[in-house]
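[1] Predicted model and sequence follow; I will ask about them next.
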Amino acid sequence: MAQGMSMAGFNPVASAREAVEALEALHARSVAALRGAMEASIRTGAAPDAATRALFRYPELRVTYAPGGSEPDNRRAFAKFPAPGVYVTTVTHPKAFAPYLVEQLRPLIEEYGARVEVGPGSQEIPYPYVFESGDELARGESTAGELARLFPSPLLSDVGDEVADDLYEHRPDEPRPLALFDAVRVDFSLRRIVHYTGSDWRSVQPWILLTNYHRYVDQFVAFGLERLRDPADPIEKLVLPGDVVVDASMDAETARAAVERVQWHRYQMPAYHAVTKDRQGVTLVNIGVGPSNAKTMTDHLAVLRPNCWLMVGHCGGLRRSQAIGDYVLAHAYLRQDGILDRLVPPETPIPALAEVQVALQDAARQVTGDEGEALKRRLRTGTVVTYADRNWELRWSRERRRINLSRAIAVDMESATVATQGFRMRVPYGALLCVSDKPLHGEIKLPGAANAFYERAVSEHLRIGLAALDLLKRRREGLHSRKLRSFDEPPFR
């Protein structure tokens, strides 16, 4: 297709807002057509004809960049073109993603003079993705197998991370990818978020804390309930697992009763959302223990394009000078978990992001009240080792030299995975850990001592994480780092 021509069914739009409105209209039409056809099929048993099935398609966004002179000079880490050409992606739920889409499209139109068109794509919408729950239409009258024979169904061959993993090979006669994830990959992960967290994916906020202990959840909920009572605070509601909502209209007793009724244990990685009026709140996800969970959750959260995710959890301190309750600000990672080695080879450097590191250190100073040498004694920066095996101590004779060579100061089971996923998925990341034991120095977790530590340390630690995110919100312009962009990066963040 010549760059100056429109494909059949594609219409040019003049602004980012107009593009989103066109995408919303096409997506709504496609969803309505698919739902209507399924309703008819359940009644009659008939398959949709070819003309009807042609309506079951994701809308497509096409952006053409044909520079007539010098390229704009900017230091922004997103909304920029690696080369002239046509860039394409399919889009799902454009209404929910409208702020992100407008943020990405506006500079491409206004600064680069890009031509934007919207039309029906060729990618079919799998039938399960047009429902909020699994069976609200079929009502048990049709099985998944029967529906899959008549309607587009999820195919693993259609879902992948080739663009994010730098496996995509551009051919000169084909458009380039506009975004890291197409519509079917996004829909795939939106359903997984609901499954694992027990929350509607729309409740997930763009600032994310990941933890490995439920005690942080207790403190996060207490924090949210307290701030709901402050009329000057931007938090308007808490959304808890099972989509239980607590808002400022509830008295304290009713709110507490609602929290206590939450059956969070039904979900593998329950999520809690402090939703603000400007949709710039904080989500806490208890990913549990281990790098597999860390990868699973971040694989799916990445499609929401969050502004940042931080790991706040416990670690084993490896240095004699550390004390229980001290903090570790991860500056480098020794990846011994193996979970991402085929996607991001172990020799790939995972850089610390200066903006995140500064925010975490400033937040620690702000919350603890410590300055100078007092802060240095409590907050140590260095390498964190991440293992997949919780009983790595049983291999100490083999692991000792590796840990010694790395100059590691702490060990855990999630931080390197979370950071590597942030690097891989272009999501700013960081880790602030709290020393809960010192396995090399005989200070192990004993029930009484552990409980005393938890009571004292968890609240302060969580407040540091929340304060760091507040600082990053105010410093957001410099947060999305060019360190995370590859040479042939898609224009969209």
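    In hand now; what should we look at? Numbers count the residues shown, from 1 in each chain.

[2] Need the pLDDT of the nearest residue to residue 269 once chain neighbours are set aside.
    Take residue 269 and drop its neighbours on the chain: the residue closest to it by C-beta to C-beta, 6 or more residues apart in numbering is residue 196, 4.6 Å away. Any C-beta I mention is one placed from the backbone N, CA and C, and that applies to glycine too. The score at residue 196 is 97. That number is its pLDDT.

[3] Tell me who's in contact with residue 196.
    267-269, 296-297, 300 (C-beta atoms under 8 Å, 6 or more residues apart in numbering).

[4] what about it, distance to residue 19?
    Distance of residue 196 to residue 19, given as C-beta to C-beta, to the nearest Å: 32 Å.

[5] quick one, helices of the stretch 51-200 of the chain?
    In the stretch 51-200 of the chain, the segments counted as helices under DSSP state H, counting those that start in this stretch are 98-110, 144-150, 183-197.

[6] what residues does the shortest one touch?
    The contact list for helix 144-150, computed with C-beta under 8 Å, 6+ apart, reads 38, 41, 47-48, 127-128, 138, 153.

[7] same thing but 6 Å
    41, 47, 127 (C-beta atoms under 6 Å, 6 or more residues apart in numbering).

[8] want to try a markdown table for the residues you listed, with distance to residue 385 as columns?
    Output for these, formatted as a markdown table (distance: C-beta to C-beta, whole Å):
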| residue | distance to residue 385 |
| --- | --- |
| 41 | 55 |
| 47 | 56 |
| 127 | 45 |
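
[9] Return the members of the residues you listed classed as buried.
    Buried members of the contacts of helix 144-150, scored by 16 or more other C-beta atoms under 10 Å, are 41, 127.

[10] Low-confidence ranges, the chain, go.
    For the chain, applying pLDDT under 70 flags the ranges 1-8, 133-142, 441-455.

[11] Please state the backbone phi and psi of residue 151?
    When quoted as degrees, to the nearest 10, the phi and psi of residue 151 stand at phi -130, psi 160.

[12] Excluding chain neighbours, what is closest to it?
    Nearest residue to residue 151, sequence neighbours excluded (C-beta to C-beta, 6+ apart): residue 127, at 4.1 Å.

[13] residue contacts, that neighbour?
    Residue 127 neighbours (C-beta under 6 Å, 6+ apart): 147, 151-152.

[14] ok, now residue 425?
    For residue 425, the contacting residues are 164, 302, by C-beta under 6 Å, 6+ apart.

[15] if you set the cut-off to 8 Å instead, what comes out?
    Contacts of residue 425 (C-beta under 8 Å, 6+ apart): 164, 180, 298-299, 302.

[16] Need the max-distance pair from those.
    Greatest spacing in the contacts of residue 425, by C-beta to C-beta: 180 and 298 (13.4 Å).

[17] before we move on, the earlier item: if you compare the helices of the stretch 51-200 of the chain, which one is most tucked away?
    A comparison of the helices of the stretch 51-200 of the chain by mean neighbour count, using mean count of other C-beta atoms under 10 Å, puts helix 183-197 on top with a mean of 21.

[18] Can you name the next helix or strand after that one?
    Using DSSP states H and E, the helix or strand that follows helix 183-197 in sequence is strand 207-211.

[19] For whichever helix or strand comes after that next one, buried residues please.
    Using DSSP H and E, the next helix or strand after strand 207-211 towards the C-terminus is helix 214-228. Within helix 214-228, the residues that count as buried by 16+ other C-beta under 10 Å are 215-217, 219-221, 223-225, 227-228.

[20] Would you mind getting the angle between helix 214-228 and strand 207-211?
    Angle, helix 214-228 to strand 207-211, by axes from the mean of the first three to the mean of the last three C-alpha atoms, to 10 degrees: 150 degrees.

[21] what does helix 214-228 contact?
    Counting by C-beta under 8 Å, 6+ apart, 209, 211, 233, 235, 237-238, 240, 246-248, 252, 255-256, 259, 264, 270, 272, 274, 284, 286, 312-313, 454, 458-459, 461-463, 466 sit against helix 214-228.

[22] So which of the residues you listed are in helices?
    252, 255-256, 259, 454, 458-459, 461-463, 466 (DSSP state H).

[23] how far away is the residue nearest the centre of the chain from residue 220?
    Nearest to the geometric centre of the chain sits residue 301, at 2.8 Å (C-alpha atoms, centre = their mean). From residue 301 across to residue 220, the span is 17 Å (C-beta to C-beta).

[24] Sounds good, over and out.
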